[in-house]
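J.: below is the structure, and that's it, no one-letter string:
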Ligand SMILES: C[S@@+](CC[C@H](N)C(=O)[O-])C[C@H]1O[C@@H](n2cnc3c(N)ncnc32)[C@H](O)[C@@H]1O
């Protein structure tokens, strides 16, 4: 079984899997609507959040580590004639020569920082790119006990996509392994292409994310210099508690 831990490979299938994920869009749109200045989105991917924000009138710059993610976003910018600047860039080494009043890192993007050194590097780099009083908003998943109860030997079905043009089905399954010492979760996505009830192709894509708990995250953000404005537990903006699905942080410089 060949494993790819590479956002470039993920880029090809990203929209098929996640384009109907919309629970967070209004939250980021609302935040962006309060900002007259340019917004920076870190880990913009193929533009799932970037595009609706630009369409709602926000001036937005997106950066992403993955060349292929950025290339897909650039094609959409051309196709829909959008006013979005985007660059291939690592959040640990931002170099944009401007400061932003609002920076967002949607959909677990910050959790690609796989140890404390990476977390500090990226947060310090972000801090330098923020104007005084600016806001950093990011969401991460909350590592609940339910999550650890998943059986690593089982493939859980994520979704089934039917491609009517080619009369084929795509089954997306996932399985996760945890490393509690490093606080990482390695998720493998298995994509099975099915034509006439037969599996004709199977591909795998791995991605690793790091989970931190509430108090560790708070300590980290405060150490970089941020004040904590708010912590929500979901996109309905309920207060965070230990069973919350998300940690949605609003941090101020
Ligand atoms: C879960 S995706 C989120 C994409 C998009 N913002 C969304 O909400 O659909 C996380 C993104 O972070 C990007 N990423 C991972 N490590 C990064 C880094 N060091 N610097 C910048 N982007 C990174 C990945 O390439 C990927 O596109």
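T.: Ah, there it is. This one's a predicted model, so the numbers in the text were calculated from it and none came from an experiment.

J.: quick check: the closest residue to residue 106 other than its chain neighbours vs the ligand, distance?
T.: Leaving aside its chain neighbours, residue 106 sits nearest to residue 49 (4.7 Å; criterion: Cβ to Cβ, 6 or more residues apart in numbering). Heads up, the C-betas are built off the backbone N, CA and C, glycines and all. Here residue 49 is placed at a distance of 5 Å from the ligand (Cβ to the nearest ligand atom, to the nearest Å).

J.: from residue 8, how far off is residue 49?
T.: To residue 8, residue 49 is 20 Å away according to Cβ to Cβ, to the nearest Å.

J.: go on, residue 177?
T.: From residue 177 across to residue 8, the span is 22 Å (Cβ to Cβ).

J.: wait, what's in contact with residue 66?
T.: 7, 8, 10, 11, 45, 88 (Cβ atoms under 8 Å, 6 or more residues apart in numbering).

J.: what's the fifth one in contact with, if anything?
T.: The neighbourhood of residue 45, defined by Cβ under 8 Å, 6+ apart, consists of 11, 14, 64, 66, 69, 73, 107.

J.: most neighbours among these, which one is it?
T.: residue 64 (28 neighbours; other Cβ atoms under 10 Å).

J.: and the closest residue to residue 213 other than its chain neighbours, helix, strand or coil?
T.: Closest residue in space to residue 213, ignoring its immediate chain neighbours: residue 143 at 6.8 Å, by Cβ to Cβ, 6+ apart. Here residue 143 is coil, with the state taken from DSSP: H, G, I helix; E, B strand; the rest coil.

J.: tell me the confidence at residue 143?
T.: Here, the pLDDT recorded for residue 143 equals 91.

J.: what's the answer for residue 2, then?
T.: pLDDT, residue 2: 38.

J.: which parts of the stretch 101-250 of the chain sit against the ligand?
T.: By the rule Cβ under 6 Å from any ligand atom, the part of the stretch 101-250 of the chain lying against the ligand is 106, 107, 108, 109, 112.

J.: go again with 5 Å.
T.: Within the stretch 101-250 of the chain, the positions lying close to the ligand (Cβ under 5 Å from any ligand atom) are 106, 107, 109, 112.

J.: pretty sure the last one sits against residue 43.
T.: Yes - using Cβ atoms under 8 Å, residue 112 is in contact with residue 43, at 6.9 Å.

J.: ok, now which ones touch residue 51?
T.: So residue 51 contacts 76, 80, 82, 84 (Cβ under 8 Å, 6+ apart).

J.: ignore the last one, residue 113
T.: By Cβ under 8 Å, 6+ apart, the residues touching residue 113 are 91, 92, 119, 121, 122, 210.

J.: so which of those is the closest to residue 165?
T.: Using Cβ to Cβ, residue 91 comes nearest to residue 165 of the contacts of residue 113, at 36.8 Å.

J.: model confidence score at the nearest residue to that closest one once chain neighbours are set aside, please.
T.: Among residues not flanking residue 91 along the chain, residue 122 sits closest, at 4.4 Å (Cβ to Cβ, 6+ apart). Looking at residue 122, its pLDDT is 98.

J.: which residues are in contact with residue 122?
T.: With Cβ under 8 Å, 6+ apart, residue 122 has these contacts: 91, 92, 110, 113.

J.: okay if I get those residues as TSV plus secondary structure and pLDDT?
T.: Formatted as TSV, the contacts of residue 122 follow (DSSP: H, G, I helix; E, B strand; the rest coil; pLDDT from 0 to 100):
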residue	secondary structure	pLDDT
91	helix	97
92	helix	97
110	helix	98
113	coil	97
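
J.: thanks again, I'm all set now.
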